[in-house]
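Trainee: I need the structure of the sequence given here:
(one chain, ligands or ions: 1)
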Amino acid sequence: MSDEFDRIARLRARFNDGAGPGVLLGIGDDAAVLAASGDNLVLSVDTSVQGVHFERAFAPLPVIAARAFSAALSDLAAMAALPRAALCSLIMPAQLTEAEFDAVIEGLADASARYACPIVGGNLSAGRELSITTSVVGLVEGCGLQRSGARLGDRVCVTGSLGGAALGLQLLQRSAAGRAPGWAERWQNPQARIAEAQALRGIATAAIDVSDGALQDLGHLCEASGLGAELFAEALPLEPGFRELARELGLDPLALALHGGEDYELLYTVPRDAPSIGPGTCIGRMTPAAGAPSVLGADGRPLPLAGGGFKHFPG
Ligand SMILES: [Mg+2]
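Mentor: Numbers count the residues shown, from 1 in each chain. Model (predicted):
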């Protein structure tokens, strides 16, 4: 990549040299330096790979890049941490043009500004497919919101709605996004629930973000907490028109809401007698029976469900 230094110069300019609150040394040395504080550091990393997590046809490059950034920050939200800084490692195919490179960093810069999370460094490399790896650093009091804190009888809640991203992805995979405008965007533009997570401090007992599918992610929370859970099918927050469009596409709306991934909402638990359940909707409760969560129908009986969480396409 003969123009690597030129690309780094553009990155530095677009990312404002990594400047931000608490950034002592941003982009330009061998590593960045952040000021330490009384809070604890939270670290996570997430990768978005062309052909595995996205296809170029699914969204313009700035959207793909911003989406990768949001997905990484969603893990900080799930800990109730505040974003502090990010490192972005890009693997780029040789045929990626300068304009396309600029489009990628444009999306990253926009997301970085939106979350007030400066990009303080990273790495550029050539490879066969476009790949965006985002390492994030956040701050939290104590150990934040963990998966293991749920207690028997806690209510299970979720922010936003479920299944929208999976429905949008179905449309994109069928090249039919124009058929039902708005849904593709649910997949393209997830929002890391940073502010919602802050509102859960002192309320929630446990949390996880919905990346693999609500049922599977709730299963992780159950396992970590040594409990089971029941979800009420009728209580699942679905957007208007969701059921109708899912059925039109030959999909089961309930399965899509339970197994569809990449909503990046927060699934969390609150004590049964808590005065507030925070910004989400109550969708179930924690039960003694450890194991996979069950889903109850309107009559209170468990629904037969095909297993499996979200699988990244193609298979
Ligand atoms: Mg997560």
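Trainee: now the element after the worst-scoring helix or strand of the chain on mean pLDDT, going C-ward?
Mentor: The helix or strand of the chain with the lowest confidence, counting by mean pLDDT, DSSP states H and E, is strand 33-34 at a mean of 89. Using DSSP states H and E, the next helix or strand after strand 33-34 towards the C-terminus is strand 40-49.
Trainee: any idea how far the closest residue to residue 46 other than its chain neighbours is from residue 234?
Mentor: Take residue 46 and drop its neighbours on the chain: the residue closest to it by C-beta to C-beta, 6 or more residues apart in numbering is residue 72, 3.9 Å away. Where C-beta positions appear, they are placed from N, C-alpha and C, glycine not excepted. Remark: distance between residue 72 and residue 234 (C-beta to C-beta, to the nearest Å) = 34 Å.
Trainee: and for residue 61?
Mentor: Applying C-beta to C-beta to residue 61 and residue 234 gives a distance of 40 Å.
Trainee: just the pLDDT at the residue of the stretch 151-300 of the chain found nearest the ion, thanks.
Mentor: Closest residue of the stretch 151-300 of the chain to the ion, C-beta to the ion: residue 209 (4.3 Å). As predicted, residue 209 sits at a pLDDT of 97.
Trainee: that one reaches residue 217, doesn't it?
Mentor: Yes: with contact defined as C-beta atoms under 8 Å, residue 209 counts as touching residue 217 (7.2 Å).
Trainee: residues from the stretch 151-300 of the chain in reach of the ion?
Mentor: Contacts of the stretch 151-300 of the chain with the ion, taken as C-beta under 5 Å from the ion, map to residue 209.
Trainee: just the helices in the stretch 151-300 of the chain please.
Mentor: Assigned helices in the stretch 151-300 of the chain, in chain order: 164-173, 183-188, 194-199, 214-225, 242-248, 253-259 (criterion: DSSP state H, counting those that start in this stretch).
Trainee: which elements pack onto the first one?
Mentor: On a contact count with 3 or more C-beta pairs under 8 Å, 6 or more residues apart in numbering; DSSP states H and E, helix 164-173 meets helix 183-188, helix 242-248, helix 253-259.
Trainee: what residue ranges in this protein score low on pLDDT?
Mentor: 1-2, 306-315 (pLDDT under 70).
Trainee: do a quick rundown of the strands in it.
Mentor: 23-25, 33-34, 40-49, 82-92, 119-126, 131-140, 155-158, 206-209, 228-232, 266-270, 281-287, 294-296 (DSSP state E).
Trainee: the residue of the stretch 1-150 of the chain found nearest the ion: how many residues sit nearby?
Mentor: Minimum separation of the stretch 1-150 of the chain from the ion (C-beta to the ion) falls at residue 75, amounting to 4.4 Å. Using other C-beta atoms under 10 Å, the number of residues around residue 75 comes to 22.
Trainee: excluding chain neighbours, what is closest to it?
Mentor: Among residues not flanking residue 75 along the chain, residue 44 sits closest, at 4.2 Å (C-beta to C-beta, 6+ apart).
Trainee: from memory that neighbour sits against residue 140, does it?
Mentor: No: contact criterion C-beta under 8 Å: residue 44 and residue 140 do not qualify, at 11.6 Å.
Trainee: anything in contact with each of those two?
Mentor: residue 79 (C-beta atoms under 8 Å, 6 or more residues apart in numbering).
Trainee: ok so, going back, who does the residue of the stretch 151-300 of the chain closest to the ion form a beta bridge with?
Mentor: Beta-bridge pairing of residue 209 under DSSP bridges involves residue 266.
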